[in-house]
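**Q** from the sequence below, what's the structure:
(one chain, ligands or ions: 2)
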Amino acid sequence: MQAVKKLVLLGTGLISGSFALALKRARLVEQVVGVGRNLDNLQRALDLNVVDSISDDAAHAVVGADLVFIGTPVGQMGALMQKIAPHLSADCIVTDGGSTKQDVAALYQAYLPQQLAYCVPGHPIAGSDLSGAAAAQFGLYEGRRVVLTPLPESEAKVVEQIRDWWQACGAQVYQMSPLAHDEIFSSVSHVPHLLSFAYMNSVLDRYNAAECLDFAASGFRDFTRIAGSHPDMWRDIALANQSAILNDLRANQQQLQALIDLVESSDGVALTNYIQRASSARIEWGKPLKGKK
Ligand SMILES: NC(=O)c1ccc[n+]([C@@H]2O[C@H](COP(=O)([O-])OP(=O)(O)OC[C@H]3O[C@@H](n4cnc5c(N)ncnc54)[C@H](O)[C@@H]3O)[C@@H](O)[C@H]2O)c1
Ligand SMILES: O=C(O)C(=O)CC1(C(=O)O)C=CC(O)C=C1
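**A** Ligands and ions are numbered 1, 2, ... in the order given. Now for the predicted structure:
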């Protein structure tokens, strides 16, 4: 498999750093440059050998790169693409790890029109509520899925190359349209995070919030773990995937209303049925299925 000579991470954090570490472990990268705005975070990336050198200048850093991985919140990606466009080698491959794909596809079209054959948007379906270079880990993508949403202009051999690198990181690679991607991940990633923020805020609004939090245990911990995720990342996702997210939030509003009605009705059988449906589906989903989670 072809190794990367110079990989540049635009945004050096959990997702880009874990990609760099996996390629390093697979001996598929010679040099990794970490670009960012926070010097402490970049220094940490250097100390942890996530990257081999650091820079605060994206335009300068991408000179001579054969692979650029954009790992910032999606709202930052357009400005970075615009900055690097004049400095990319003609055959430099550009990809990203953004959680939304219709908006990111449009950014490639708007800001990297000369490079489109070498651009392949992507999304690793793995991560955590932690962020920054210190959160980067070997093996994050082991057995996980990565969704590629190639542009109409993406060259097949470039898509294959990206697929090979992700597979070398241990991932299973899938392909779908940006629209299908954004609808799916609204329902199983974006809206669950937003509901977790909402639930956390609803507890904070209680008159006895401190006492409630003091007594909260594992159920609350499981339900709200993702409420600790990075605000910038989730603001950008909510803004980028607005239409699918609004549909799913409204559907959840209806579910909540149905639940209120059931509890109000004191109809134990109907409540059991309601809970049973969700419980059976969650148990089934949770059964270890090769390559599922
Ligand atoms: N966290 C997850 O679970 C997860 C999973 C899959 C995909 N993603 C996506 O991957 C991307 C990165 O997420 P992450 O969790 O690695 O975040 P992170 O906070 O760990 O890393 C992002 C880094 O980008 C830097 N950054 C932000 N704006 C910048 C700019 N304009 N120029 C240079 N650097 C900048 C930040 O300082 C930070 O170090 C996001 O688009 C996110 O939606 C996240
Ligand atoms: O494990 C977590 O904490 C995550 O939130 C990871 C997670 C998700 O499963 O929703 C978050 C955002 C992504 O774009 C992909 C994965």
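**Q** tell me the gap between stretch 191-201 and the middle of its chain.
**A** Centre-to-centre, stretch 191-201 and its host chain are 17 Å apart (C-alpha atoms, centre = their mean, to the nearest Å).
**Q** stretch 277-286 too?
**A** Using C-alpha atoms, centre = their mean, the offset of stretch 277-286 from its chain centre is 25 Å.
**Q** per-residue confidence averaged over it?
**A** Average pLDDT, stretch 277-286: 96.
**Q** repeat for stretch 253-264
**A** Averaged over stretch 253-264, pLDDT sits at 98.
**Q** buried ones in that stretch?
**A** Going by neighbour count (16 or more other C-beta atoms under 10 Å), the buried part of stretch 253-264 is Leu262. Using the backbone N, CA and C atoms, a C-beta is placed for each residue, glycine as well.
**Q** which residues sit against it?
**A** Stretch 253-264 has contacts (C-beta atoms under 8 Å, 6 or more residues apart in numbering) with Ala270, Leu271, Tyr274.
**Q** next, count neighbours for the closest residue to Gly11 other than its chain neighbours.
**A** The shortest distance from Gly11 to any non-neighbouring residue, by C-beta to C-beta, 6 or more residues apart in numbering, is to Thr72 (3.3 Å). Neighbour count of Thr72, defined by other C-beta atoms under 10 Å: 26.
**Q** same thing with Thr224?
**A** Residues near Thr224, counting by other C-beta under 10 Å, number 18.
**Q** likewise for the one 5 residues further on?
**A** Under the neighbour criterion other C-beta under 10 Å, Ser229 is assigned a count of 18.
**Q** what residues are up against it?
**A** Counting by C-beta under 8 Å, 6+ apart, Ser229 has contacts Asp129, Ser131, His193.
**Q** tell me the secondary structure at the residue nearest to Ser189 when sequence neighbours are not counted.
**A** Sequence neighbours aside, Ser99 is the residue nearest to Ser189 in space, at 6.9 Å (criterion: C-beta to C-beta, 6+ apart). Here Ser99 is recorded as coil under DSSP: H, G, I helix; E, B strand; the rest coil.
**Q** in terms of pLDDT, where does Ser99 sit?
**A** At Ser99, the model reports a pLDDT of 98.
**Q** gap between it and Gly71?
**A** From Ser99 across to Gly71, the span is 11 Å (C-beta to C-beta, to the nearest Å).
**Q** can I get the contacts of stretch 253-264 in TSV with neighbour count?
**A** Converted to TSV, the contacts of stretch 253-264 look like this (neighbours: other C-beta atoms under 10 Å):
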residue	neighbour count
Ala270	13
Leu271	14
Tyr274	16
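**Q** wait, which of these is closest to ligand 2?
**A** Distance to ligand 2, by C-beta to the nearest ligand atom, is smallest for Tyr274 among those, at 24.8 Å.
**Q** which helix or strand contains that closest one?
**A** Per DSSP states H and E: Tyr274 is located in helix 268-286.
**Q** around ligand 1, which positions in the stretch 101-250 of the chain sit nearby?
**A** Applying the criterion C-beta under 6 Å from any ligand atom, the portion of the stretch 101-250 of the chain that neighbours ligand 1 consists of His123, Pro124, Gly127, Ser128, Ser131, Gly132, Ala135, His230, Met233, Ile237.
**Q** once you drop chain neighbours, what's closest to the second one?
**A** Okay, so that is Pro124. Spatial nearest neighbour of Pro124, chain neighbours left out: Val146 (4.8 Å); criterion: C-beta to C-beta, 6+ apart.
**Q** quick check: can you list the domain ranges of this protein?
**A** 4-175, 180-286 (automatic domain parsing).
**Q** do the longest one and ligand 2 meet?
**A** Yes - between domain 4-175 and ligand 2, judged by C-beta under 6 Å from any ligand atom, the touching residues are Ser99, Ile125, Ala126, Gly127, Ser128, Asp129.
**Q** partner strands of the helix or strand harbouring Thr95, parallel or antiparallel?
**A** Thr95 is located in strand 93-96, with elements delineated by DSSP H and E. Applying DSSP bridges, strand 93-96 is found paired with strand 67-70 (parallel), strand 119-120 (parallel).
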